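S.K.: got a structure for you, letters missing:
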């Protein structure tokens, strides 16, 4: 699966960047590092840096308008589009008929770095921004909305909850897992609220021993 994701990266960049990409992937293929360190999305950041440093014709002190995507975001979009079409599309109907998400799809999401989009690289994530995460969800949803919802909830709800409000201890324990091999979930429905999060009544009440119960 790593090789297939690598192909997506190589098809999403120009010839000069492909040479740099080949060098990067070559070093990784000979390294004895954990699976997560080979995430193509993390390599995209290196490729983008190589591209900018090799182009002296542009003034990079001028920021792009907010109505355009950055090179990183465009490459994320292209990678997700290719992965969804080549790996996901051929088995979408079969998964619908089986009523089950296949393990190789979940593994592929992790291998491509799509389950740790905004998790910092120090914790094994891809270190991308929120826009990149949204673009990944958008491209995957074109092929299978169910898988897109998995990617969306995992990245924008669970991962971010740990990132923004988790203690340093919790972040150290859970962020590497959430970026590499642990799928999260989000409890939402109540009898009187359905999927309307703002209508939920469940609260956490502190007990005398400082623990919490619902």
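M.R.: Sure thing, it's come through. Only a predicted model underlies this, so the values are computations on that prediction, with no experimental measurement involved.

S.K.: can you list the weak-confidence ranges in this structure?
M.R.: When the per-residue scores of the chain are filtered using pLDDT under 70, the ranges that remain are 1-65, 212-214.

S.K.: For the strand or helix carrying residue 80, which helices and strands make contact with it?
M.R.: When secondary structure is defined by DSSP states H and E, residue 80 falls within helix 71-83. Where contact means 3 or more C-beta pairs under 8 Å, 6 or more residues apart in numbering; DSSP states H and E, helix 71-83 is packed against helix 2-11, helix 40-54, helix 130-141. In this view, the C-beta of every residue, glycine as well, is placed from N, C-alpha and C.

S.K.: So which bits of the following helix or strand past it are buried?
M.R.: Stepping forward along the backbone from helix 71-83, the first helix or strand reached (DSSP H and E) is helix 92-98. Buried residues in helix 92-98, counting neighbours by 16 or more other C-beta atoms under 10 Å, are found at 92, 95.

S.K.: So residue 186 belongs to a strand, correct?
M.R.: No - counting by DSSP: H, G, I helix; E, B strand; the rest coil, one finds residue 186 to be coil, located in no strand.

S.K.: Thought residue 157 was touching it, still the case?
M.R.: Yes - taking C-beta atoms under 8 Å as the contact criterion, residue 186 and residue 157 are neighbours in contact, 5.0 Å apart.

S.K.: how near is residue 138 to residue 195?
M.R.: Look at residue 138 and residue 195: by C-beta to C-beta, to the nearest Å, they are 20 Å apart.

S.K.: Mind giving me the packing neighbours of the helix or strand hosting residue 163?
M.R.: When elements are assigned from DSSP H and E, residue 163 belongs to helix 160-165. For helix 160-165, the packing partners by 3+ C-beta pairs under 8 Å, 6+ apart come out as helix 168-180.

S.K.: in the helix it packs on, what's buried?
M.R.: Of all the residues in helix 168-180, those buried under the rule 16+ other C-beta under 10 Å are 171, 174-176, 178-180.

S.K.: can you check stretch 76-91 too?
M.R.: For stretch 76-91, burial by neighbour count (16+ other C-beta under 10 Å) applies to 76-84, 87-88.

S.K.: what sits against residue 172?
M.R.: By C-beta atoms under 8 Å, 6 or more residues apart in numbering, residue 172 lies in contact with residue 123.
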